[in-house]
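> build the 3D model from these lines:
(one chain, ligands or ions: 2)
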Amino acid sequence: MIKAKEKVQSADTLKLRQRAEALIQASSTESISNLPEDAVRRLLQELQIHQIELELQNLELCQSRDNGEALIENYTELYDFAPVGYCTLDRSGTIQRVNLTGATLLGEQRSKLMNRRLGLFVSDDCKPLFNEMLAMVFDGQQKKAQCEVVIHPKGLRSPTPVKIVAMVSAGGEECLTVVIDITERKRLEAQVLTTKDELELRRAQERSAELLELNRQLSQEIENRKKLEKTLRDSQLRLRNLSANLQFIREEERKAVAREIHDELGQLLASVQLGLSLLAGEYFDHPKLNSRINDMEILVSNAIRTVQRISSELRPVMLEVLGLADALQWQSQDFQKRTGIRCNLTVFLLDNRVHPDVAIVLFRIFQESLTNVQRHSQATEVEAQLVERSKNYTLMVCDNGKGITLEEISSPESIGLIGIRERVFILGGRMKIFGTPQKGTALFVRVPVKPKEI
Ligand SMILES: Nc1ncnc2c1ncn2[C@@H]1O[C@H](COP(=O)(O)OP(=O)(O)OP(=O)(O)O)[C@@H](O)[C@H]1O
Ligand SMILES: [Mg+2]
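Residues are numbered from 1 along each chain as shown. Ligands and ions are numbered 1, 2, ... in the order given. Next up, the predicted model:
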(Lines give C-alpha, C1' and ligand atoms only; values in the text may rest on other atoms or scores of the structure.)
(Ligands and ions follow the chains in the order given, each with its own letter.)
Protein backbone atom coordinates (compact mmCIF):
# COMPACT_ATOMS: atom_id res chain seq x y z
CA MET A 1 0.00 0.00 0.00
CA ILE A 2 2.90 2.34 0.90
CA LYS A 3 4.77 1.58 -2.35
CA ALA A 4 1.71 2.36 -4.40
CA LYS A 5 1.41 5.63 -2.54
CA GLU A 6 5.07 6.48 -3.28
CA LYS A 7 4.51 5.86 -7.01
CA VAL A 8 1.49 8.15 -7.04
CA GLN A 9 3.50 10.74 -5.15
CA SER A 10 6.52 10.73 -7.63
CA ALA A 11 4.19 10.89 -10.64
CA ASP A 12 2.44 13.91 -9.10
CA THR A 13 5.80 15.59 -8.38
CA LEU A 14 6.96 15.04 -11.97
CA LYS A 15 3.82 16.54 -13.45
CA LEU A 16 4.11 19.53 -11.11
CA ARG A 17 7.69 20.09 -12.17
CA GLN A 18 6.86 19.92 -15.88
CA ARG A 19 4.06 22.45 -15.39
CA ALA A 20 6.37 24.77 -13.50
CA GLU A 21 9.10 24.55 -16.19
CA ALA A 22 6.61 25.30 -18.89
CA LEU A 23 5.38 28.36 -17.03
CA ILE A 24 8.90 29.70 -16.45
CA GLN A 25 9.79 29.21 -20.08
CA ALA A 26 6.65 30.95 -21.22
CA SER A 27 7.02 33.97 -18.97
CA SER A 28 10.66 34.73 -18.36
CA THR A 29 13.05 33.05 -20.87
CA GLU A 30 13.82 36.39 -22.42
CA SER A 31 14.33 38.30 -19.22
CA ILE A 32 16.68 35.70 -17.69
CA SER A 33 18.84 35.63 -20.81
CA ASN A 34 19.28 39.37 -20.57
CA LEU A 35 20.50 39.25 -17.00
CA PRO A 36 24.19 39.44 -16.10
CA GLU A 37 25.85 36.20 -15.12
CA ASP A 38 26.05 37.09 -11.41
CA ALA A 39 22.39 37.85 -11.14
CA VAL A 40 21.53 34.64 -12.92
CA ARG A 41 23.66 32.67 -10.46
CA ARG A 42 21.97 34.35 -7.49
CA LEU A 43 18.56 33.71 -8.98
CA LEU A 44 19.44 30.10 -9.52
CA GLN A 45 20.58 29.78 -5.95
CA GLU A 46 17.32 31.26 -4.66
CA LEU A 47 15.35 29.02 -6.90
CA GLN A 48 17.17 26.03 -5.51
CA ILE A 49 16.38 27.17 -1.95
CA HIS A 50 12.70 27.59 -2.86
CA GLN A 51 12.67 24.22 -4.42
CA ILE A 52 14.08 22.61 -1.28
CA GLU A 53 11.50 24.51 0.83
CA LEU A 54 8.71 23.34 -1.40
CA GLU A 55 9.92 19.77 -1.27
CA LEU A 56 10.05 19.91 2.52
CA GLN A 57 6.50 21.33 2.63
CA ASN A 58 5.36 18.68 0.25
CA LEU A 59 6.86 16.01 2.48
CA GLU A 60 4.99 17.39 5.52
CA LEU A 61 1.74 17.53 3.59
CA CYS A 62 2.16 13.95 2.50
CA GLN A 63 2.77 12.89 6.08
CA SER A 64 -0.34 14.74 7.28
CA ARG A 65 -2.39 13.11 4.56
CA ASP A 66 -1.03 9.69 5.53
CA ASN A 67 -1.87 10.32 9.18
CA GLY A 68 -5.38 11.46 8.24
CA GLU A 69 -5.93 8.38 6.12
CA ALA A 70 -4.65 6.12 8.90
CA LEU A 71 -7.01 7.83 11.36
CA ILE A 72 -9.96 7.42 9.02
CA GLU A 73 -9.04 3.80 8.59
CA ASN A 74 -8.84 3.35 12.39
CA TYR A 75 -12.08 5.18 12.94
CA THR A 76 -13.84 3.11 10.30
CA GLU A 77 -12.59 -0.07 11.90
CA LEU A 78 -13.68 1.15 15.35
CA TYR A 79 -17.06 2.21 13.95
CA ASP A 80 -17.73 -0.95 12.03
CA PHE A 81 -16.49 -3.48 14.53
CA ALA A 82 -17.63 -1.75 17.71
CA PRO A 83 -19.21 -4.20 20.21
CA VAL A 84 -22.45 -2.25 19.88
CA GLY A 85 -24.54 -1.23 16.90
CA TYR A 86 -24.38 2.42 15.71
CA CYS A 87 -27.21 3.67 13.63
CA THR A 88 -27.63 7.27 12.49
CA LEU A 89 -31.28 8.20 11.90
CA ASP A 90 -32.93 11.25 10.42
CA ARG A 91 -36.00 12.93 11.91
CA SER A 92 -38.30 10.31 10.40
CA GLY A 93 -36.29 7.51 11.99
CA THR A 94 -34.80 6.45 8.64
CA ILE A 95 -31.37 4.86 8.74
CA GLN A 96 -28.69 7.13 7.25
CA ARG A 97 -25.61 5.22 8.38
CA VAL A 98 -25.14 1.99 10.23
CA ASN A 99 -22.06 0.08 11.37
CA LEU A 100 -21.47 -3.61 10.70
CA THR A 101 -22.40 -4.65 14.23
CA GLY A 102 -25.69 -2.74 13.84
CA ALA A 103 -26.38 -4.47 10.53
CA THR A 104 -25.63 -7.86 12.09
CA LEU A 105 -28.00 -7.08 14.96
CA LEU A 106 -30.73 -6.23 12.46
CA GLY A 107 -29.89 -9.36 10.45
CA GLU A 108 -29.56 -7.46 7.18
CA GLN A 109 -26.75 -6.37 4.80
CA ARG A 110 -25.61 -2.84 5.48
CA SER A 111 -26.42 -1.60 1.99
CA LYS A 112 -29.99 -2.91 2.23
CA LEU A 113 -30.57 -1.04 5.46
CA MET A 114 -29.99 2.40 4.00
CA ASN A 115 -33.15 4.52 3.85
CA ARG A 116 -35.17 1.98 5.80
CA ARG A 117 -36.78 2.92 9.08
CA LEU A 118 -35.25 1.41 12.21
CA GLY A 119 -38.74 1.28 13.77
CA LEU A 120 -39.70 -1.46 11.29
CA PHE A 121 -37.47 -3.86 13.20
CA VAL A 122 -38.99 -2.98 16.58
CA SER A 123 -41.73 -5.35 17.87
CA ASP A 124 -45.26 -3.94 17.74
CA ASP A 125 -45.78 -3.74 21.49
CA CYS A 126 -42.49 -1.83 21.90
CA LYS A 127 -43.07 0.64 19.05
CA PRO A 128 -44.82 3.31 21.19
CA LEU A 129 -41.85 3.30 23.57
CA PHE A 130 -39.35 3.58 20.72
CA ASN A 131 -41.28 6.37 18.97
CA GLU A 132 -41.64 8.26 22.24
CA MET A 133 -37.85 8.10 22.72
CA LEU A 134 -37.18 9.48 19.21
CA ALA A 135 -39.77 12.23 19.68
CA MET A 136 -38.13 13.21 22.93
CA VAL A 137 -34.67 13.74 21.43
CA PHE A 138 -35.85 15.37 18.18
CA ASP A 139 -38.29 17.71 19.95
CA GLY A 140 -35.40 18.95 22.03
CA GLN A 141 -36.98 17.88 25.33
CA GLN A 142 -33.89 15.81 26.00
CA LYS A 143 -30.54 15.52 24.23
CA LYS A 144 -30.27 11.92 25.15
CA ALA A 145 -32.93 9.27 25.81
CA GLN A 146 -33.06 5.53 26.03
CA CYS A 147 -35.42 2.61 25.97
CA GLU A 148 -35.42 -1.15 26.11
CA VAL A 149 -37.28 -2.88 23.31
CA VAL A 150 -37.40 -6.16 21.45
CA ILE A 151 -36.30 -6.18 17.82
CA HIS A 152 -37.15 -8.74 15.19
CA PRO A 153 -34.05 -9.17 13.04
CA LYS A 154 -34.46 -10.25 9.47
CA GLY A 155 -33.82 -13.86 8.73
CA LEU A 156 -33.72 -16.73 11.13
CA ARG A 157 -32.54 -14.91 14.21
CA SER A 158 -34.99 -14.95 17.07
CA PRO A 159 -36.37 -11.73 18.61
CA THR A 160 -33.61 -9.94 20.47
CA PRO A 161 -34.00 -7.66 23.48
CA VAL A 162 -31.93 -4.50 22.95
CA LYS A 163 -31.25 -1.28 24.75
CA ILE A 164 -31.35 1.75 22.43
CA VAL A 165 -29.67 4.99 23.45
CA ALA A 166 -30.45 7.95 21.20
CA MET A 167 -28.37 11.19 21.11
CA VAL A 168 -29.36 14.08 18.93
CA SER A 169 -26.60 15.57 16.76
CA ALA A 170 -25.52 19.20 16.95
CA GLY A 171 -27.68 20.30 14.02
CA GLY A 172 -30.73 18.58 15.46
CA GLU A 173 -31.54 16.89 12.16
CA GLU A 174 -29.96 13.55 12.92
CA CYS A 175 -29.56 11.35 15.90
CA LEU A 176 -27.03 8.68 16.63
CA THR A 177 -28.52 5.58 18.19
CA VAL A 178 -26.49 3.01 20.00
CA VAL A 179 -28.11 -0.42 19.87
CA ILE A 180 -26.91 -2.81 22.57
CA ASP A 181 -27.81 -6.48 22.63
CA ILE A 182 -29.04 -7.20 26.19
CA THR A 183 -29.97 -10.86 25.64
CA GLU A 184 -27.32 -12.03 28.07
CA ARG A 185 -28.31 -9.48 30.70
CA LYS A 186 -31.97 -10.46 30.38
CA ARG A 187 -31.02 -14.14 30.63
CA LEU A 188 -29.00 -13.43 33.75
CA GLU A 189 -31.83 -11.36 35.20
CA ALA A 190 -34.29 -14.17 34.52
CA GLN A 191 -31.83 -16.62 36.04
CA VAL A 192 -31.46 -14.41 39.10
CA LEU A 193 -35.24 -14.20 39.39
CA THR A 194 -35.59 -17.96 39.07
CA THR A 195 -32.85 -18.51 41.61
CA LYS A 196 -34.50 -15.98 43.88
CA ASP A 197 -37.87 -17.72 43.44
CA GLU A 198 -36.27 -21.06 44.10
CA LEU A 199 -34.51 -19.68 47.15
CA GLU A 200 -37.71 -18.14 48.43
CA LEU A 201 -39.55 -21.36 47.80
CA ARG A 202 -36.89 -23.32 49.65
CA ARG A 203 -36.91 -20.80 52.47
CA ALA A 204 -40.70 -20.94 52.61
CA GLN A 205 -40.56 -24.73 52.69
CA GLU A 206 -37.99 -24.63 55.48
CA ARG A 207 -40.02 -22.02 57.34
CA SER A 208 -43.24 -23.97 56.97
CA ALA A 209 -41.44 -27.09 58.20
CA GLU A 210 -40.21 -25.08 61.18
CA LEU A 211 -43.71 -23.73 61.76
CA LEU A 212 -45.19 -27.20 61.52
CA GLU A 213 -42.71 -28.41 64.11
CA LEU A 214 -43.46 -25.39 66.32
CA ASN A 215 -47.15 -26.00 65.88
CA ARG A 216 -46.69 -29.63 66.88
CA GLN A 217 -44.73 -28.59 69.96
CA LEU A 218 -47.34 -25.97 70.77
CA SER A 219 -50.19 -28.47 70.45
CA GLN A 220 -48.24 -30.84 72.69
CA GLU A 221 -47.70 -28.01 75.17
CA ILE A 222 -51.41 -27.10 75.07
CA GLU A 223 -52.31 -30.74 75.57
CA ASN A 224 -49.94 -30.97 78.56
CA ARG A 225 -51.31 -27.75 80.01
CA LYS A 226 -54.87 -28.94 79.59
CA LYS A 227 -53.98 -32.13 81.45
CA LEU A 228 -52.25 -30.08 84.15
CA GLU A 229 -55.20 -27.70 84.38
CA LYS A 230 -57.57 -30.62 84.74
CA THR A 231 -55.38 -32.14 87.46
CA LEU A 232 -55.28 -28.75 89.13
CA ARG A 233 -59.04 -28.29 88.86
CA ASP A 234 -59.62 -31.77 90.23
CA SER A 235 -57.31 -31.19 93.17
CA GLN A 236 -58.86 -27.75 93.75
CA LEU A 237 -62.28 -29.36 93.80
CA ARG A 238 -61.04 -32.02 96.20
CA LEU A 239 -59.55 -29.32 98.42
CA ARG A 240 -62.78 -27.32 98.33
CA ASN A 241 -64.81 -30.36 99.24
CA LEU A 242 -62.35 -31.06 102.02
CA SER A 243 -62.57 -27.47 103.19
CA ALA A 244 -66.37 -27.56 103.12
CA ASN A 245 -66.28 -30.74 105.09
CA LEU A 246 -63.83 -29.28 107.59
CA GLN A 247 -66.01 -26.20 108.04
CA PHE A 248 -68.98 -28.42 108.69
CA ILE A 249 -67.03 -30.60 111.12
CA ARG A 250 -65.64 -27.47 112.80
CA GLU A 251 -69.12 -26.06 113.33
CA GLU A 252 -70.40 -29.42 114.61
CA GLU A 253 -67.44 -29.73 116.99
CA ARG A 254 -67.92 -26.18 118.18
CA LYS A 255 -71.56 -26.96 118.86
CA ALA A 256 -70.62 -30.14 120.77
CA VAL A 257 -67.92 -28.36 122.81
CA ALA A 258 -70.31 -25.47 123.50
CA ARG A 259 -72.98 -27.88 124.58
CA GLU A 260 -70.54 -29.73 126.86
CA ILE A 261 -69.26 -26.52 128.40
CA HIS A 262 -72.71 -25.06 128.75
CA ASP A 263 -74.45 -28.14 130.01
CA GLU A 264 -71.75 -29.85 132.04
CA LEU A 265 -69.56 -26.97 133.28
CA GLY A 266 -72.53 -24.59 133.47
CA GLN A 267 -74.52 -27.09 135.57
CA LEU A 268 -71.49 -27.70 137.76
CA LEU A 269 -70.90 -24.01 138.34
CA ALA A 270 -74.62 -23.44 138.99
CA SER A 271 -74.50 -26.20 141.63
CA VAL A 272 -71.40 -24.62 143.19
CA GLN A 273 -73.15 -21.24 143.16
CA LEU A 274 -76.23 -22.79 144.84
CA GLY A 275 -74.02 -24.56 147.42
CA LEU A 276 -72.21 -21.33 148.16
CA SER A 277 -75.45 -19.38 148.71
CA LEU A 278 -76.68 -22.16 151.04
CA LEU A 279 -73.37 -21.97 152.90
CA ALA A 280 -73.69 -18.21 153.13
CA GLY A 281 -77.18 -18.67 154.64
CA GLU A 282 -75.90 -21.21 157.09
CA TYR A 283 -72.92 -19.22 158.24
CA PHE A 284 -74.44 -15.74 158.13
CA ASP A 285 -73.27 -15.12 161.77
CA HIS A 286 -69.61 -15.84 160.83
CA PRO A 287 -68.60 -12.60 159.21
CA LYS A 288 -65.11 -13.76 158.18
CA LEU A 289 -66.38 -16.98 156.58
CA ASN A 290 -69.31 -15.12 155.08
CA SER A 291 -67.04 -12.62 153.38
CA ARG A 292 -64.95 -15.51 151.93
CA ILE A 293 -68.13 -17.17 150.70
CA ASN A 294 -69.21 -13.90 149.06
CA ASP A 295 -65.83 -13.59 147.28
CA MET A 296 -66.18 -17.13 146.00
CA GLU A 297 -69.76 -16.41 144.88
CA ILE A 298 -68.46 -13.48 142.81
CA LEU A 299 -65.73 -15.69 141.31
CA VAL A 300 -68.21 -18.41 140.46
CA SER A 301 -70.68 -16.00 138.85
CA ASN A 302 -67.76 -14.58 136.78
CA ALA A 303 -66.87 -18.13 135.79
CA ILE A 304 -70.51 -18.75 134.81
CA ARG A 305 -70.50 -15.61 132.59
CA THR A 306 -67.21 -16.68 131.01
CA VAL A 307 -68.62 -20.13 130.31
CA GLN A 308 -71.72 -18.53 128.76
CA ARG A 309 -69.59 -16.23 126.62
CA ILE A 310 -67.30 -19.02 125.44
CA SER A 311 -70.22 -21.27 124.76
CA SER A 312 -72.12 -18.58 122.88
CA GLU A 313 -69.01 -17.77 120.83
CA LEU A 314 -68.54 -21.41 120.02
CA ARG A 315 -72.19 -21.95 119.27
CA PRO A 316 -74.13 -18.84 118.52
CA VAL A 317 -77.28 -19.87 120.34
CA MET A 318 -78.94 -16.59 119.48
CA LEU A 319 -78.64 -17.53 115.84
CA GLU A 320 -80.84 -20.52 116.51
CA VAL A 321 -83.04 -18.74 119.05
CA LEU A 322 -83.31 -15.20 117.66
CA GLY A 323 -82.55 -15.70 113.97
CA LEU A 324 -79.84 -14.12 111.80
CA ALA A 325 -80.98 -10.48 111.94
CA ASP A 326 -81.07 -10.23 115.74
CA ALA A 327 -77.97 -12.35 116.15
CA LEU A 328 -76.06 -9.90 113.94
CA GLN A 329 -77.51 -6.93 115.85
CA TRP A 330 -76.40 -8.52 119.13
CA GLN A 331 -72.92 -9.09 117.67
CA SER A 332 -72.73 -5.51 116.44
CA GLN A 333 -73.69 -4.05 119.82
CA ASP A 334 -71.36 -6.40 121.68
CA PHE A 335 -68.52 -5.32 119.35
CA GLN A 336 -69.28 -1.62 119.95
CA LYS A 337 -69.38 -2.22 123.69
CA ARG A 338 -66.11 -4.15 123.76
CA THR A 339 -64.08 -1.99 121.38
CA GLY A 340 -65.58 1.48 121.54
CA ILE A 341 -65.76 1.50 117.69
CA ARG A 342 -69.18 2.71 116.60
CA CYS A 343 -70.99 0.02 114.65
CA ASN A 344 -74.09 0.77 112.67
CA LEU A 345 -75.85 -2.28 111.21
CA THR A 346 -78.89 -2.20 108.93
CA VAL A 347 -80.68 -5.46 108.15
CA PHE A 348 -83.35 -5.84 105.54
CA LEU A 349 -84.63 -9.40 105.10
CA LEU A 350 -87.80 -10.45 103.30
CA ASP A 351 -87.97 -13.56 105.43
CA ASN A 352 -86.19 -13.99 108.76
CA ARG A 353 -86.04 -17.74 108.28
CA VAL A 354 -82.63 -17.96 106.72
CA HIS A 355 -81.28 -21.34 105.70
CA PRO A 356 -79.05 -22.48 108.63
CA ASP A 357 -76.04 -23.15 106.37
CA VAL A 358 -76.28 -19.62 104.97
CA ALA A 359 -77.03 -18.07 108.35
CA ILE A 360 -73.97 -19.55 110.03
CA VAL A 361 -71.73 -18.45 107.11
CA LEU A 362 -73.02 -14.85 107.19
CA PHE A 363 -72.75 -14.81 110.97
CA ARG A 364 -69.14 -16.06 110.91
CA ILE A 365 -68.16 -13.65 108.10
CA PHE A 366 -69.57 -10.73 110.06
CA GLN A 367 -67.72 -11.97 113.12
CA GLU A 368 -64.40 -12.27 111.22
CA SER A 369 -64.88 -8.85 109.58
CA LEU A 370 -65.46 -7.16 112.94
CA THR A 371 -62.45 -8.94 114.42
CA ASN A 372 -60.33 -7.69 111.51
CA VAL A 373 -61.60 -4.15 111.98
CA GLN A 374 -60.69 -4.33 115.64
CA ARG A 375 -57.24 -5.87 115.04
CA HIS A 376 -55.99 -4.16 111.89
CA SER A 377 -58.00 -1.16 110.74
CA GLN A 378 -57.54 1.61 113.35
CA ALA A 379 -61.09 2.60 112.40
CA THR A 380 -63.50 4.59 114.53
CA GLU A 381 -66.66 3.58 112.71
CA VAL A 382 -68.17 0.58 110.98
CA GLU A 383 -71.10 0.73 108.61
CA ALA A 384 -72.67 -2.66 107.92
CA GLN A 385 -75.65 -3.82 105.90
CA LEU A 386 -77.40 -7.12 105.23
CA VAL A 387 -79.92 -6.97 102.42
CA GLU A 388 -82.00 -9.65 100.75
CA ARG A 389 -82.52 -8.83 97.08
CA SER A 390 -83.10 -10.83 93.89
CA LYS A 391 -82.77 -14.18 95.63
CA ASN A 392 -79.44 -13.18 97.12
CA TYR A 393 -78.19 -11.92 100.44
CA THR A 394 -75.67 -9.11 100.25
CA LEU A 395 -73.55 -8.44 103.29
CA MET A 396 -71.44 -5.30 103.30
CA VAL A 397 -69.01 -4.28 106.06
CA CYS A 398 -67.19 -0.95 105.61
CA ASP A 399 -64.82 0.74 108.03
CA ASN A 400 -63.10 4.13 107.98
CA GLY A 401 -59.65 2.82 108.89
CA LYS A 402 -56.24 2.72 107.14
CA GLY A 403 -57.43 0.45 104.28
CA ILE A 404 -56.31 -3.04 103.33
CA THR A 405 -53.60 -3.33 100.61
CA LEU A 406 -53.71 -5.42 97.43
CA GLU A 407 -50.85 -7.59 98.74
CA GLU A 408 -52.77 -8.31 101.94
CA ILE A 409 -55.88 -9.19 99.94
CA SER A 410 -54.08 -11.71 97.74
CA SER A 411 -51.54 -13.01 100.25
CA PRO A 412 -51.69 -16.78 100.81
CA GLU A 413 -51.11 -15.99 104.49
CA SER A 414 -54.42 -14.16 104.80
CA ILE A 415 -56.10 -17.24 106.20
CA GLY A 416 -59.07 -15.33 107.61
CA LEU A 417 -59.94 -13.84 104.19
CA ILE A 418 -59.32 -17.20 102.46
CA GLY A 419 -61.74 -18.75 104.97
CA ILE A 420 -64.39 -16.13 104.08
CA ARG A 421 -63.84 -16.75 100.36
CA GLU A 422 -64.10 -20.51 100.79
CA ARG A 423 -67.24 -20.35 102.90
CA VAL A 424 -68.88 -18.09 100.30
CA PHE A 425 -67.71 -20.29 97.42
CA ILE A 426 -69.16 -23.40 99.05
CA LEU A 427 -72.57 -21.72 99.01
CA GLY A 428 -72.15 -20.67 95.35
CA GLY A 429 -71.67 -16.99 96.16
CA ARG A 430 -69.02 -14.28 95.57
CA MET A 431 -66.81 -12.15 97.74
CA LYS A 432 -64.92 -8.88 97.08
CA ILE A 433 -62.76 -6.76 99.29
CA PHE A 434 -61.43 -3.26 98.50
CA GLY A 435 -59.08 -1.02 100.40
CA THR A 436 -58.47 2.73 99.98
CA PRO A 437 -55.44 4.08 101.83
CA GLN A 438 -56.49 6.15 104.85
CA LYS A 439 -60.13 5.91 103.79
CA GLY A 440 -61.04 2.41 104.85
CA THR A 441 -61.86 -1.14 103.82
CA ALA A 442 -65.04 -2.49 102.31
CA LEU A 443 -66.04 -6.12 102.19
CA PHE A 444 -68.88 -7.32 99.96
CA VAL A 445 -70.34 -10.79 100.08
CA ARG A 446 -73.19 -12.13 97.98
CA VAL A 447 -74.66 -15.55 98.58
CA PRO A 448 -77.76 -17.14 97.16
CA VAL A 449 -80.81 -17.40 99.39
CA LYS A 450 -80.94 -21.05 98.45
CA PRO A 451 -77.41 -22.38 98.83
CA LYS A 452 -75.78 -24.66 96.31
CA GLU A 453 -76.01 -28.34 97.20
CA ILE A 454 -72.99 -29.04 99.34
N1 LIG B 1 -60.47 -4.04 107.99
C2 LIG B 1 -59.15 -4.08 107.72
N3 LIG B 1 -58.42 -2.94 107.66
C4 LIG B 1 -57.09 -2.97 107.37
N5 LIG B 1 -56.39 -4.11 107.12
C6 LIG B 1 -57.07 -5.28 107.17
C7 LIG B 1 -58.47 -5.32 107.45
N8 LIG B 1 -58.86 -6.63 107.40
C9 LIG B 1 -57.76 -7.34 107.12
N10 LIG B 1 -56.67 -6.55 106.98
C11 LIG B 1 -55.30 -6.96 106.64
O12 LIG B 1 -55.41 -8.16 105.91
C13 LIG B 1 -54.64 -9.17 106.53
C14 LIG B 1 -55.32 -10.49 106.33
O15 LIG B 1 -56.47 -10.60 107.08
P16 LIG B 1 -56.93 -12.02 107.61
O17 LIG B 1 -58.21 -11.85 108.31
O18 LIG B 1 -56.89 -12.92 106.44
O19 LIG B 1 -55.77 -12.46 108.57
P20 LIG B 1 -55.49 -12.02 110.07
O21 LIG B 1 -56.65 -11.25 110.59
O22 LIG B 1 -54.15 -11.35 110.10
O23 LIG B 1 -55.35 -13.41 110.77
P24 LIG B 1 -56.57 -14.41 111.12
O25 LIG B 1 -57.81 -13.81 110.59
O26 LIG B 1 -56.20 -15.67 110.40
O27 LIG B 1 -56.56 -14.52 112.58
C28 LIG B 1 -54.49 -8.75 107.95
O29 LIG B 1 -53.31 -9.24 108.52
C30 LIG B 1 -54.45 -7.23 107.85
O31 LIG B 1 -53.13 -6.77 107.58
MG1 LIG C 1 -58.66 -12.00 110.49
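
> residues from the protein in reach of ligand 2?
Within the chain, the positions adjacent to ligand 2 are 372, 416 by CB under 5 Å from the ion. For glycine as for every other residue, the C-beta is placed from the backbone atoms N, C-alpha and C.

> and the residue of the chain closest to ligand 2?
In the chain, the residue found nearest to ligand 2 is residue 416; the distance is 2.9 Å by CB to the ion.

> burial of that residue, as a residue count?
Neighbourhood size, residue 416 [other CB atoms under 10 Å]: 15.

> could you find the closest non-adjacent residue to it?
residue 368 (5.4 Å; CB to CB, 6 or more residues apart in numbering).

> what about the one you found, distance to residue 339?
Distance, residue 368 to residue 339, by CB to CB, to the nearest Å: 15 Å.

> still on that earlier bit, within the helices and strands, which one has the residue nearest to residue 416?
helix 356-372 (DSSP states H and E).

> residue 69 falls within a strand, correct?
No: Residue 69 is assigned helix when assessed by DSSP: H, G, I helix; E, B strand; the rest coil, not a strand.

> count of residues packed around it?
Residue 69 has 12 nearby residues by other CB under 10 Å.

> one more: residue 103?
There are 21 residues near residue 103, going by other CB under 10 Å.

> give me phi/psi at the closest residue to it other than its chain neighbours?
Spatial nearest neighbour of residue 103, chain neighbours left out: residue 110 (4.3 Å); criterion: CB to CB, 6+ apart. Residue 110 adopts backbone torsions of phi -60, psi -40, taken as degrees, to the nearest 10.

> may I have the beta-bridge partners of residue 346?
residue 385 (DSSP bridges).

> how close does it get to residue 362?
Taking CB to CB, one finds residue 346 at 14 Å from residue 362.

> how about residue 181?
98 Å.

> these two - which one has more neighbours?
Higher neighbour count among residue 181 and residue 362: residue 362, with 23 against 18, using other CB under 10 Å.

> is it true that the more buried one touches residue 387?
No: at 11.4 Å, residue 362 does not count as touching residue 387 under the criterion of CB atoms under 8 Å.

> which pLDDT value belongs to residue 73?
Per-residue confidence (pLDDT) for residue 73: 88.

> make that residue 204, sorry
Model confidence at residue 204 (pLDDT) stands at 92.

> quick one: distance of stretch 131-147 to the chain centre.
47 Å (CA atoms, centre = their mean, to the nearest Å).

> same thing with stretch 334-352?
57 Å.

> next: stretch 403-413.
36 Å.

> which residues are in contact with it?
Contact with stretch 403-413 is made by 376, 414, 417-418, 433-441, as judged by CB atoms under 8 Å, 6 or more residues apart in numbering.

> repeat that with 6 Å
433, 435, 436, 437, 439, 440, 441 (CB atoms under 6 Å, 6 or more residues apart in numbering).

> what distance separates the start and the end of it?
18 Å (CA to CA, to the nearest Å).

> shaky segments in the stretch 201-350 of the chain?
The model of the stretch 201-350 of the chain has no residue with pLDDT under 70.

> and the strands in it?
For the stretch 201-350 of the chain, applying DSSP state E, counting those that start in this stretch gives strands covering 342-348.

> that one: helices as residue ranges?
266-282, 287-314, 317-321, 324-339 (DSSP state H, counting those that start in this stretch).

> for ligand 1, which of those is the nearest?
The closest of the helices of the stretch 201-350 of the chain to ligand 1 is helix 324-339. By CB to the nearest ligand atom, the value is 12.6 Å.

> circling back to that earlier point, wait, the residue nearest to residue 416 touches residue 415, no?
No: the criterion here is CB atoms under 6 Å, and residue 368 misses it with residue 415 at 10.2 Å.
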